[in-house]
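Novice: A structural model of the following input is requested.
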Amino acid sequence: MKTLAASLSILAVAALAACSEPAYRPAMEQAAPIVPQNMSYRPGTGVVDNVILAPAPISSASGGTATGASAGRLVRLAIKMDSGGDIQYIDTDTNEFKKGDRVELTPDRMIRKM
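Specialist: Down below sits the predicted model:
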C-alpha cells in the first residue's frame, strides 16, 4: 500500500510540474514581420449583415495591451452583397451603419446608405 501511495504522489507532482510555466521566457527578438493581407473590394449594393468592433492594434509601447478602448476604434461591417450573396468586410470609423441597413459600396471605396 505504501508503494501505491508513493507512486500516486510522484505522479501528482509530475502532473503539476508539467502544467507550470517556465521561469524564463526569451524575448521575441526574431519575430516574423507582420504582412497586411490585401482583401478584394467589389463595388455594388448590399445589406449590412453584422456590425462588430474591428480588432484593435497591439501596441508594444503599452506593454502589449490593445490601444483605444472605445475612442478611435474602427467598426467592422459584414455586408452581404446583392450580386452572388458573398460577404465583404469593411472597416469604417463611423457608427452610423446598423444591421439591416441597405448600403452601396462605390468604386471610389466609399460607403453610402441607400
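Novice: who does the lengthiest strand in the chain touch, helix- and strand-wise?
Specialist: Counting by DSSP state E, the longest strand found in the chain is strand 44-53. In terms of contacts (3 or more CB pairs under 8 Å, 6 or more residues apart in numbering; DSSP states H and E), strand 44-53 is packed against strand 75-81, strand 102-105. Every C-beta, even on glycine, is put in place using the N, C-alpha and C of the backbone.
Novice: mind doing that once more with 10 Å?
Specialist: strand 75-81, strand 87-92, strand 102-105, strand 111-113 (3 or more CB pairs under 10 Å, 6 or more residues apart in numbering; DSSP states H and E).
Novice: please identify the most buried of these.
Specialist: strand 75-81 (a mean of 18; mean count of other CB atoms under 10 Å).
Novice: hmm, who's touching it?
Specialist: The contact list for strand 75-81, computed with CB atoms under 10 Å, 6 or more residues apart in numbering, reads 42-55, 86-99, 101-105, 111.
Novice: one more time with 7 Å, if that's ok
Specialist: The contact list for strand 75-81 (CB atoms under 7 Å, 6 or more residues apart in numbering) reads 42, 44, 46-54, 87-92, 95, 97, 103, 105.
Novice: report the contact partners of the residue lying closest to residue 107 once chain neighbours are set aside.
Specialist: Excluding its sequence neighbours, the residue lying closest to residue 107 (CB to CB, 6 or more residues apart in numbering) is residue 43, at 4.6 Å. Residue 43 makes contacts with 105-107, as judged by CB under 7 Å, 6+ apart.
Novice: JSON lines please, covering those residues and showing pLDDT.
Specialist: JSON lines is the format used below for the contacts of residue 43 (pLDDT from 0 to 100):
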{"residue": "105", "pLDDT": "95"}
{"residue": "106", "pLDDT": "95"}
{"residue": "107", "pLDDT": "95"}
